[in-house]
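Undergrad: kindly generate the corresponding structure for this input.
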Amino acid sequence: MSARRVVGVIGGMGPDATVDFFAKLVAATHAASDQEHLRIIIDNDPSVPDRTAAIEGRGDSPAPRLAAMARGLIAQGAELLVMPCNSAHAFADAVVAAAGAVPFVDLVETTVAATRARLPQARAVGLLATDGALAARLYQDAFEAAGVRALTPLGDDQRSVMDAIYAVKRAAVDDAARARLRLVAERLAAAGAEAIVAACTEVPLLLAEGDVRQGGHVVPVISSTDELVARTVALATGPTG
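TA: Next up is the predicted model:
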């Protein structure tokens, strides 16, 4: 049978990325009335310790807070958990342990699977991610296990990625930040990336499908936010067994 599962969102990392996920989740849900939409419980907690700092050994682990958020959402009735922050998935084991029997949608696994389904012949992709996500090798290892090489920005290019991500967090996005991020993506494409993976949920707020070109051709941009939305809708509205 089919039923609408209550979705619990471990959010606030950052707030704009959580808002983007929520808006897209509502838009992607087939509903003819308010009553046909999903019930979504969001814990938007921007005080969660910085994920990159924790991965790099410069700050407190967010794992206890993420686990507490998961338990709190379940106590409020969540039947499916999602976390629209890629870097936080370095601590996903704590969320899974706290969730128990409640399913957790892994953002990294979802994005890699969607990329492979969309571009089955691709042998290399470019990653736009935080320093922490790259240090944890969240996407590099997942793509390599699927037979796909993951290309990452170096030096000033990666600094441009981080500057763009934090511009979103500061609500200070401008055309210059978008242009710098697009140039980084185009350099990854020139290095052989057959798609650009927005492996940080702030990146889709700066870079969209059609923005990246190489040799006169559009290079696909895979949004981790969009892929998480699609998977969440499928699981929240699909058969329950």
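Undergrad: excluding sequence neighbours, find me the nearest residue to G77.
TA: V6 (5.0 Å; Cβ to Cβ, 6 or more residues apart in numbering). For the C-beta atoms, the positions are set from N, CA and C on the backbone; glycine is no exception.
Undergrad: what does that neighbour show for phi and psi?
TA: Backbone torsions for V6, taken as degrees, to the nearest 10, come to phi -80, psi 130.
Undergrad: and it, how many neighbours does it have?
TA: Around V6 sit 18 other residues, with neighbours defined as other Cβ atoms under 10 Å.
Undergrad: quick one: contacts for it?
TA: Contact analysis of V6 by Cβ atoms under 8 Å, 6 or more residues apart in numbering lists L38, R39, I40, I41, G77, A78, E79, L80.
Undergrad: host element of the fifth one?
TA: Using DSSP states H and E, G77 sits within no helix or strand.
Undergrad: tell me which helix or strand comes right after the helix or strand of the chain with the lowest mean pLDDT.
TA: Least confident helix or strand, the chain: strand 213-214 with a mean of 94, by mean pLDDT, DSSP states H and E. Next along the chain after strand 213-214, taking DSSP H and E as the criterion, comes strand 217-218.
Undergrad: check which helices and strands that next one sits against.
TA: Helices and strands touching strand 217-218, as assessed by 3 or more Cβ pairs under 8 Å, 6 or more residues apart in numbering; DSSP states H and E, are absent.
Undergrad: note down every partner strand of the next helix or strand after it and its orientation.
TA: In the C-terminal direction, the helix or strand that comes right after strand 217-218 (DSSP H and E) is strand 221-223. With DSSP bridges as the test, strand 221-223 is paired with strand 196-198 (parallel).
Undergrad: which residues are in contact with R51?
TA: Contacts were defined as Cβ under 8 Å, 6+ apart; by that measure R51 touches M13, P62, C85, S87, A88, A90, F91, T130, G132, A133.
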